[in-house]
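In: coords below, sequence missing:
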């Protein structure tokens, strides 16, 4: 049990994680205080972290995706009053943007309108925005990008499509039955490695003020381990188990063993909002090939 003094020092925050599918790169979104989000780039080759920009507002990880090479982040945002990194009064309060992690500074920008927006990557430099006919901001042309809209009706919720692309599978309902925006409340989800040798089960329930809360368990040949509530539990590109709670990022190097041993990779709970201008490379489009980029 944590001592009272320690809990007062630790900031209340939560972490969300997006992994590149073809590169050892991930983006961590740290939320907290409530109206602040920080982007952090995680190099999985050596478990190093690059702390990036802060944004005053909301970023919706469930409607956002990292490109397969980890060089671009497509994100859905809602601003609040005060300091924002993309203050553009002509686009309204919500938008979809593309930036270079760990910066929110937009290379491309589309006004959302209401609760639509966000999207997925169709390939390394192609995107499908969850808007019928996305019109990019005039000051941010997108010649380096192939952009599609989503005019079709009756599609599955974007958050479900993104979860499926990240290899989360519904357990209790067929995919075709999950058309509600809160589809997570209707089914548990599973994700596995090694042809089922290690499996994560995610359960979502409704908390206070309709906040969704998640609980996790992990099973292997030795049985099932209940991890309780956490911000996230996932596999990284190295097959390790990743867990986050209270702003701490933990890793289990041997998820197939009977006793899951966790070690701390990083603790972001002490971070505080501070201005950070983008580096020169962060305001330029990256190369199209999957290659190391000098930073």
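Out: Ah, there it is. All values derive from a computational prediction rather than experimental measurement.

In: Report the beta-bridge partners for residue 57.
Out: residue 79 (DSSP bridges).

In: what's the burial count for it?
Out: Neighbourhood size, residue 57 [other CB atoms under 10 Å]: 20. Bear in mind the C-beta positions are built from the backbone N, C-alpha and C, glycine included.

In: try the one 5 residues further on
Out: Taking other CB under 10 Å as the neighbour definition, residue 62 ends up with a count of 16.

In: what do you get for the one 4 residues further on?
Out: Residue 66 has 23 neighbouring residues, counting by other CB under 10 Å.

In: I figured it was touching residue 75, is that so?
Out: No - at 9.3 Å, residue 66 and residue 75 do not qualify as touching, with contact defined as CB atoms under 8 Å.

In: Do I have it right that residue 133 meets residue 150?
Out: No - Residue 133 is not in contact with residue 150 according to CB under 8 Å; the separation is 9.3 Å.

In: ok, these two, which is more surrounded?
Out: residue 150 (19 against 8).

In: Now do the same contact list for that one.
Out: Residues near residue 150 by CB atoms under 8 Å, 6 or more residues apart in numbering: 119, 128, 129, 130, 131, 132.

In: and the fifth one, helix, strand or coil?
Out: Following DSSP: H, G, I helix; E, B strand; the rest coil, we place residue 131 in the coil state.

In: Now do the same contact list for it.
Out: So residue 131 contacts 96, 110, 112, 113, 116, 117, 119, 149, 150 (CB under 8 Å, 6+ apart).

In: The second one: which element?
Out: In this assignment (DSSP states H and E), residue 110 forms part of strand 108-111.

In: which other helices and strands contact that strand?
Out: strand 94-99 (3 or more CB pairs under 8 Å, 6 or more residues apart in numbering; DSSP states H and E).

In: Give the pairing partners of the strand it packs on; include direction for each.
Out: strand 73-79 (antiparallel), strand 108-111 (antiparallel).

In: Quick one: residues in contact with the first one.
Out: The list of residues contacting strand 73-79 from outside it, by CB under 8 Å, 6+ apart, reads 18, 27, 39, 55-61, 63-67, 86-87, 93-101, 104, 112, 117-121, 127.

In: Spit out the contact partners of residue 178.
Out: 156, 157, 160, 170, 186, 187.

In: go with 6 Å
Out: residue 160 (CB atoms under 6 Å, 6 or more residues apart in numbering).

In: Count the neighbours of residue 125 for me.
Out: There are 20 residues near residue 125, going by other CB under 10 Å.

In: Correct me if wrong: it contacts residue 288.
Out: Yes - Residue 125 is within contact range of residue 288, at 5.5 Å (criterion: CB atoms under 6 Å).

In: Just the buried residues of the contacts of residue 150.
Out: Buried subset of those (neighbour count, 16 or more other CB atoms under 10 Å): 119, 128, 129, 130, 131.
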